[in-house]
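In: sharing a model that was predicted from the sequence below.
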Amino acid sequence: MGTPVRRSAISNSKIRRANETMRLIITTSVGIMFGFYMGTSFPVISLTKVNLPSNVFPSIDLTYIEEKYSGLSTQALLNVWSSLRGWKSISDKFSNTKIWVPTNPRGAERLPPGIIVAESDMYTRRKWGLPGEDLLIKPRYLITFTVGYDQKNNIDAAVKKLTENFTVMLFHYDGRASEWDEFEWSKRAIHVSARKQTKWWYAKRFLHPGIVAPYDYIFIWDEDLGVENFDPEEYIKLVKKHGLDISQPALSPESGMTWEMTRRRNDTEVHKDTQERPGWCTDPLLPPCAAFVEIMAPVFSRNAWRCVWHMIQNDLVHGWGLDFALRKCVEPAHDKIGVVDSQCIVHQTVPSLGNQGQAENGRAPWEGVRERCRNEWNMFRDRLDMAEKAYFVAMGINLPNSTAH
């Protein structure tokens, strides 16, 4: 009787060890498969795919697994397993499907439309916490100044006039960006530095409409503007009240000015036309008598800037002539472009731009800069005229006084 009992014990022991080994193998396999399926659900994790025979899974001893992981019920394990198999089915279904959506932004045709973020912003972000909690207030207006450090006090006075509704962006043409940290507000501003560049060079490269889209209005200002009699929030109210898509504050009489259109009037909040010198206006509704502001302190609505940005030429950096063409971006231009008299500024005419030139052939630096300004005006005008004529010819439209067919 002793020997059969011993043999039975040995046999049962071997069977138990075999069962435990099999359970261990199956459990390990399930773990590998779980890891694999998690890998397909969350592509950040990279696992090696393991192909197991389908008849392995029906033989899984869920009782043993439930014993091993007592916190989970058999039904819970079955639910997890069912979910994983469902994810596998979805993954298999779409693994060979390529996305191509022609209406997506150029270059993003291969992305599912639901993931595309076509626009961005200038809001600075924290490196911690939840993204949705980064911003207590989202500024509604963007103001940019193209600056040199020598004009720091002027810019400081202007920025201190602004409210929390403004994002401040400084374009540094002298490379001295870090020195502005003496001002507390500078630590919250956005700084872009590129030596000896103009504000339209910066605007074309850093103020894409898709980047400034969150802002209702974009101020693109020079550094030599006095703001003692300027209230930015009141200015915005007047711009909205009078329906201006492109505007500027009026210039005080002590300012340096070229055009009568920008001169301040004392009898009105806003004016949209003027009387210029004889022979200067071919049409009372066209620049410089109407539909006109200068390029020293323009303010654009979001929609107007989207058009103006596309009109700015990549290589013509001074912007001369641009102010005469702004009217093409709003309709009717003589009603949507105007000068705000109730909020005025002083144009101090600091010759910082000329100082960024280079002396050549015995000429002072500013002379070369001024010559290029005039050349760019002519080049821009010619390009615009040729582009418009080419368009109308292509459309089969004969322009007045034109022999083009």
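Out: All right, it came through fine.
In: in this protein, which spans are helices?
Out: Using DSSP state H, the helices of the chain run over residues 2-41, 62-68, 74-94, 152-159, 199-206, 232-241, 302-311, 322-325, 333-336, 365-394.
In: ok, the residue nearest to residue 312 when sequence neighbours are not counted to residue 171 distance?
Out: In this structure, residue 312 finds its nearest non-sequential neighbour in residue 204, 4.9 Å apart by CB to CB, 6 or more residues apart in numbering. Quick note: C-beta positions are derived from backbone N, CA and C, even for glycine. Here the criterion is CB to CB, to the nearest Å. By it, residue 204 lies 11 Å from residue 171.
In: about what we covered before: what number of residues lie near the residue nearest to residue 312?
Out: 18 (other CB atoms under 10 Å).
In: what's the distance between residue 378 and residue 320?
Out: 9 Å.
In: so for the two, which sits in the more crowded spot?
Out: Taking neighbours as other CB under 10 Å, residue 378 and residue 320 compare with residue 320 leading, 21 against 11.
In: and that one, what does it touch?
Out: Applying CB atoms under 8 Å, 6 or more residues apart in numbering, one finds that residue 320 lies in contact with 295, 373-374, 376-377, 380.
In: and which of these is nearest residue 312?
Out: The closest of the contacts of residue 320 to residue 312 turns out to be residue 380 (CB to CB; 9.6 Å).
In: chain neighbours aside, what residue packs nearest to that closest one?
Out: residue 321 (4.2 Å).
In: which secondary element of the chain has the worst mean pLDDT?
Out: When each helix and strand of the chain is scored by mean pLDDT, DSSP states H and E, helix 62-68 comes last, with a mean of 46.
In: touching, residue 147 and residue 168? I think so.
Out: No. Taking contacts as CB atoms under 8 Å, residue 147 lies outside contact range of residue 168: 10.8 Å.
In: look at those two and report which has more neighbours.
Out: Higher neighbour count among residue 147 and residue 168: residue 147, with 25 against 22, using other CB under 10 Å.
In: pull the contacting residues for the residue nearest to residue 380.
Out: By CB under 8 Å, 6+ apart, the residues touching residue 321 are 376-378, 380-381.
In: which among these gets closest to residue 244?
Out: Using CB to CB, those come closest to residue 244 at residue 380, 23.7 Å.
In: quick one: that closest one and residue 317 touch, right?
Out: No. Taking CB under 8 Å as the definition, residue 380 is not a contact partner of residue 317, at 11.0 Å.
In: mind telling me which of the helices of the chain the model trusts least?
Out: Across the helices of the chain, helix 62-68 has the smallest mean pLDDT, namely a mean of 46.
In: what segments of the stretch 51-200 of the chain are strands?
Out: 141-147, 166-172, 190-193 (DSSP state E, counting those that start in this stretch).
In: mind checking which of these is nearest residue 331?
Out: If we rank the strands of the stretch 51-200 of the chain by CB to CB, the stretch that ends up nearest is strand 141-147, at 23.6 Å.
In: CSV for the contacts of residue 321, including distance to residue 277?
Out: Listed next are the contacts of residue 321 as CSV, based on distance: CB to CB, whole Å:
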residue, distance to residue 277
376, 24
377, 19
378, 21
380, 23
381, 20
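In: buried members of the residues you listed into PyMOL, please.
Out: Listed next is the PyMOL selection for buried residues among the contacts of residue 321, using 16 or more other CB atoms under 10 Å:
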select buried, resi 376+377+380
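In: okay, which residue is most central for the chain?
Out: For the chain, the residue nearest the mean C-alpha position is residue 211 (1.3 Å; CA atoms, centre = their mean).
In: out of everything not next to it in sequence, what's closest to it?
Out: residue 120 (5.1 Å).
In: tell me the phi and psi of that neighbour?
Out: Backbone torsions of residue 120, given as degrees, to the nearest 10, read phi -130, psi -160.
In: residue 296 now?
Out: Dihedral angles phi and psi of residue 296 (degrees, to the nearest 10) take the values phi -80, psi -40.
In: check contacts around it.
Out: 221-222, 225, 248, 347.
In: can you give me the end-to-end distance of stretch 123-142?
Out: Start and end residues of stretch 123-142 are separated by 10 Å (CA to CA, to the nearest Å).
In: then stretch 173-183?
Out: OK, stretch 173-183 end separation, CA to CA: 19 Å.
In: list of residues touching that stretch?
Out: Residues contacting stretch 173-183 (CB under 8 Å, 6+ apart): 146-150, 152, 156, 159, 170, 186-187, 189, 191-198, 352, 356.
In: quick check: the two most widely separated of the contacts of residue 320?
Out: Taking CB to CB, no two of those sit farther apart than 295 and 374, at 14.5 Å.
In: between those two, who's got more neighbours?
Out: Comparing residue 295 with residue 374 by other CB under 10 Å, the one with more neighbours is residue 295, at 18 against 12.
In: now for that one: which residues touch it?
Out: Neighbours of residue 295 in contact, by CB under 8 Å, 6+ apart: 200, 319-320, 322-323.
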